[in-house]
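*Asks:* I'll drop the sequence and a predicted model, then ask my questions.
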2 protein chains.
Amino acid sequence: MSWYNTKGRDDDVVISTRIRFARNLSGFPFPSKLDEPGARALIERVSGVFGEGWTVVDMTNLSRFEAASLAEKHFISPDFVSGSLPRRLIYSEVRGIYIMVCEEDHLRMQCILPGMALNEAYERLCGADDAANNALDIAYDAELGFLTSCPTNLGIAMRASVMLFLPALTRTRRLNSLFPQLSKIGLTIRGLYGEGSDFDGCLYQLSNQVTLGISEEDSIRKLNEVVRKIIESERAARNALYSDNPDAMTDRCRRAYGTLRYASLMSSGEFMKLYADIRLGISLGLIPELTLEALGGLMTDIQPATLSVNAGCEIGEHERDRRRAEYIRETLSATA
Amino acid sequence: MSWYNTKGRDDDVVISTRIRFARNLSGFPFPSKLDEPGARALIERVSGVFGEGWTVVDMTNLSRFEAASLAEKHFISPDFVSGSLPRRLIYSEVRGIYIMVCEEDHLRMQCILPGMALNEAYERLCGADDAANNALDIAYDAELGFLTSCPTNLGIAMRASVMLFLPALTRTRRLNSLFPQLSKIGLTIRGLYGEGSDFDGCLYQLSNQVTLGISEEDSIRKLNEVVRKIIESERAARNALYSDNPDAMTDRCRRAYGTLRYASLMSSGEFMKLYADIRLGISLGLIPELTLEALGGLMTDIQPATLSVNAGCEIGEHERDRRRAEYIRETLSATA
């Protein structure tokens, strides 16, 4: 099961957790300076480390929409979708670990899990990282830490992030005051799937900004603390927002549910807005017909490239809007 | 059963048919010049004519919202809701005949039936009118016809009208060219429940304008012919509109259905827009869950005063929006 199909801890607020390590091998130039034979040699060296239980995908064998679908599911970065060098994705779905070989760094190893799972994701990733360290000569400097292609990753070369669903903090405009505070303590937050200025989907990625002069453990501890506080603030803000005007909140959430259950054309932009309303409605008990679990992979499955993958061929915008609406109707009516 | 609860002929386009006769009694001044004892004497004289099978309502015994509800159901005119003189409504639901005593004229007798029923409404009304003529001294002049309070009604003193649902002719802007043509042949059309400039509810009342120098039969024959043509144009325009973009039409109608099924607050303005979309959807076969019959009295039952009547007391706007949404949900889910 992928991160988006499984129930996670605190998933009324935290959609998913992701930790990424950047690693490079001594004796190979960084990918930007690597030629094709060099990339092939690198891939061969790395592939030997991850054998049984791991799946290897040659990215150059995928159609563009197949590759883009992997990015929509956050298994790879958008930059990894296309490129001139040979590239491999090595992954273990059961571990939730996805390793890009020959991205900006030689290895970009990430663990992605549902809900709030910073500690678990960190432990799992360390396991894979240990395997890499034991078998490969990873470039490390006593002062600079892990050597990375981009200097902003030097040090622990770790990016730990959580995808947060913050409809109440968004609507009460309390995020505006939160943003600068986070920056002061070395964290950064950005809106995801923002269609307009209102952060329609109310989804945010909170991650550590600083990688130099801090340990992995401290970085994750700090992120854990801040996420805990945000979860509590968001829950309190939801209850306050509901208490302010229960009828209006109920109406908004149930209309979103009605539109998703009956529309026959749906853009992804409109979906993200309505999805925010039904997720909020579920967490407030306003949509007893649904559970967060029942939504399953809806958020990723209705993305453009993933719709093409499920259709078996690349499909145009109108057909996507039609199939998206159909898929949503089927998902929601199966659970009602 | 009232006009709005019954299936009518051609009711995909014609919601209801209404014919009204204005009559005055010799020996009584017109209502505008009538005093209270005069009005009482008039009422007594008229009440004797309509005995068994007729119900008499003393309008001064009704609360304001009870009276307004009768106007929302088109049983009485808006002017008849309040007034300083005694007023009576004498009606027979089974005949579809509603007689206002002491409105602008001494008697305003109307027959209102579902769907396209000009001939039947005319026949029924003539029956009641014969009873009045036999028992009362109705003011009539060989040259001017029936004498009426307002000179625009002189002659046949008849207003025959149909309530038309014209979403396709509205959206294709073909009504704009129809309006002046109708006026040339002595007919008039006006939008009903128009919230904005777009005639949101797509409902129109078509009626005869001219009452002098024409017979009742000729007037009704002409109206019949024109309505027949409008029905055919509207149906053709609906099919064309659907063929132009079946997906968009399906989406629009089914979203309206979804919103009506799930909203928990609904203004009457929004309802009229969505109601137009589901009526159109039903006629195009896009909402197999519903029939026009199943909609029943929805259009009248969700009007403000009627909601108060059904609540048993006068209710404010927010509570109306809540109860309106609830009533709509119950009506639609009963049939799905």
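*Replies:* Nice, I can see it.
*Asks:* Could you tell me how far the nearest residue to A:D141 once chain neighbours are set aside is located from chain B?
*Replies:* The spatial neighbour of A:D141 that comes closest, neighbours along the chain excluded (CB to CB, 6 or more residues apart in numbering or on different chains), is A:L147 at 5.8 Å. In this view, the C-beta of every residue, glycine as well, is placed from N, C-alpha and C. Counting by CB to the nearest CB, to the nearest Å, the gap from A:L147 to chain B is 54 Å.
*Asks:* repeat for A:M299
*Replies:* Distance from A:M299 to chain B, by CB to the nearest CB: 20 Å.
*Asks:* Now that residue: which helix or strand?
*Replies:* Using DSSP states H and E, A:M299 sits in helix A:298-301.
*Asks:* what do you get for A:R261?
*Replies:* helix A:246-262.
*Asks:* what's the burial count for the closest residue to chain B within the stretch 51-200 of chain A?
*Replies:* Residue nearest to chain B within the stretch 51-200 of chain A: A:R171 (17.7 Å; CB to the nearest CB). A count of nearby residues for A:R171, using other CB atoms under 10 Å in any protein chain shown, gives 17.
*Asks:* can you check the one 5 residues further on too?
*Replies:* As a burial measure, the neighbour count of A:N176 was computed by other CB under 10 Å and equals 10.
*Asks:* Same question for A:D129.
*Replies:* 20.
*Asks:* Just the pLDDT at it, thanks.
*Replies:* Looking at A:D129, its pLDDT is 97.
*Asks:* quick one: contacts for the nearest residue to the residue of the stretch 51-200 of chain A closest to chain B once chain neighbours are set aside?
*Replies:* Using CB to CB, 6+ apart and skipping residues adjacent in sequence, the residue nearest A:R171 is A:L241, 6.5 Å away. Counting by CB atoms under 8 Å, 6 or more residues apart in numbering or on different chains, A:L241 makes contact with A:168, A:171-172, A:249.
*Asks:* Would you mind listing the buried residues in stretch A:204-218?
*Replies:* Under the neighbour-count criterion of 16 or more other CB atoms under 10 Å in any protein chain shown, stretch A:204-218 has A:204-208, A:211, A:214, A:216 buried.
*Asks:* Apologies, that question was intended for stretch A:87-95.
*Replies:* Buried, per 16+ other CB under 10 Å, within stretch A:87-95: A:87-92.
*Asks:* Helix, strand, or coil at the closest residue to A:R40 other than its chain neighbours?
*Replies:* Excluding the flanking residues, the one nearest A:R40 by CB to CB, 6+ apart is A:P86, at 5.7 Å. At A:P86 the chain is in coil, as set by DSSP: H, G, I helix; E, B strand; the rest coil.
*Asks:* Where does the prediction get shaky in the stretch 201-336 of chain A?
*Replies:* Residue ranges of the stretch 201-336 of chain A with pLDDT under 70: A:335-336.
*Asks:* all helices of it, in order?
*Replies:* Ranges of helices within the stretch 201-336 of chain A are A:216-244, A:246-262, A:268-283, A:292-295, A:298-301, A:304-311, A:317-335, based on DSSP state H, counting those that start in this stretch.
*Asks:* Over to the stretch 51-200 of chain A?
*Replies:* A:64-72, A:118-135, A:167-171, A:175-184.
*Asks:* quick one, which of those helices is packed in tightest?
*Replies:* Mean neighbour count (mean count of other CB atoms under 10 Å in any protein chain shown) peaks for helix A:167-171 among the helices of the stretch 51-200 of chain A, with a mean of 22.
*Asks:* what residues does that helix touch?
*Replies:* A:175, A:178, A:198-199, A:202, A:230, A:233-234, A:237-238, A:240-241, A:276-277, A:279-280.
*Asks:* taking the mean pLDDT, what do you get for that helix?
*Replies:* pLDDT averaged over helix A:167-171 gives 93.
*Asks:* How far does that helix sit from its chain's centre?
*Replies:* 20 Å (CA atoms, centre = their mean, to the nearest Å).
*Asks:* What would that helix look like as CSV? C-alpha coordinates only.
*Replies:* The C-alpha atoms that make up helix A:167-171 are tabulated as CSV, following Å, rounded to 0.1, in the frame of the first residue of the first chain:
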residue,chain,number,x,y,z
PRO,A,167,-8.2,24.8,6.0
ALA,A,168,-9.0,26.5,9.3
LEU,A,169,-5.7,28.3,9.8
THR,A,170,-5.9,29.3,6.1
ARG,A,171,-9.4,30.8,6.3
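*Asks:* re the thing from before, most widely separated two among the buried residues of stretch A:87-95?
*Replies:* Farthest-apart pair in the buried residues of stretch A:87-95 is A:R87 and A:S92; separation 17.9 Å (CB to CB).
*Asks:* where does the residue nearest to A:D141 sit relative to A:G155, distance-wise?
*Replies:* When distance is defined by CB to CB, to the nearest Å, A:L147 is 10 Å away from A:G155.
*Asks:* and what of A:Q181?
*Replies:* 23 Å.
*Asks:* Taking the stretch 101-250 of chain A, what residue is nearest to chain B?
*Replies:* A:T250 (4.8 Å).
*Asks:* which bits of chain A sit near chain B?
*Replies:* A:247-248, A:250-251, A:254-255, A:257-265, A:318, A:322, A:325 (CB under 8 Å from any CB of the partner chain).
*Asks:* Is it possible to mark the buried ones in those?
*Replies:* For the residues of chain A next to chain B, buried by 16+ other CB under 10 Å: A:250-251, A:254-255, A:257-265, A:322, A:325.
*Asks:* Of these, which pair is most distant in space?
*Replies:* Among these, A:T250 and A:R322 lie farthest apart (CB to CB), at 29.8 Å.
*Asks:* my guess is A:S233 contacts A:S177, does it?
*Replies:* No: between A:S233 and A:S177 there is no contact under CB atoms under 8 Å: 10.9 Å.
*Asks:* Ends of stretch A:152-166, what's the gap?
*Replies:* End-to-end distance of stretch A:152-166 (CA to CA, to the nearest Å): 28 Å.
*Asks:* rank the helices of the stretch 51-200 of chain A by pLDDT, which is bottom?
*Replies:* When the helices of the stretch 51-200 of chain A are ranked by mean pLDDT, helix A:175-184 comes last with a mean of 86.
*Asks:* Which neighbouring elements make contact with that helix?
*Replies:* Under the contact definition 3 or more CB pairs under 8 Å, 6 or more residues apart in numbering or on different chains; DSSP states H and E, helix A:175-184 sits against strand A:187-192.
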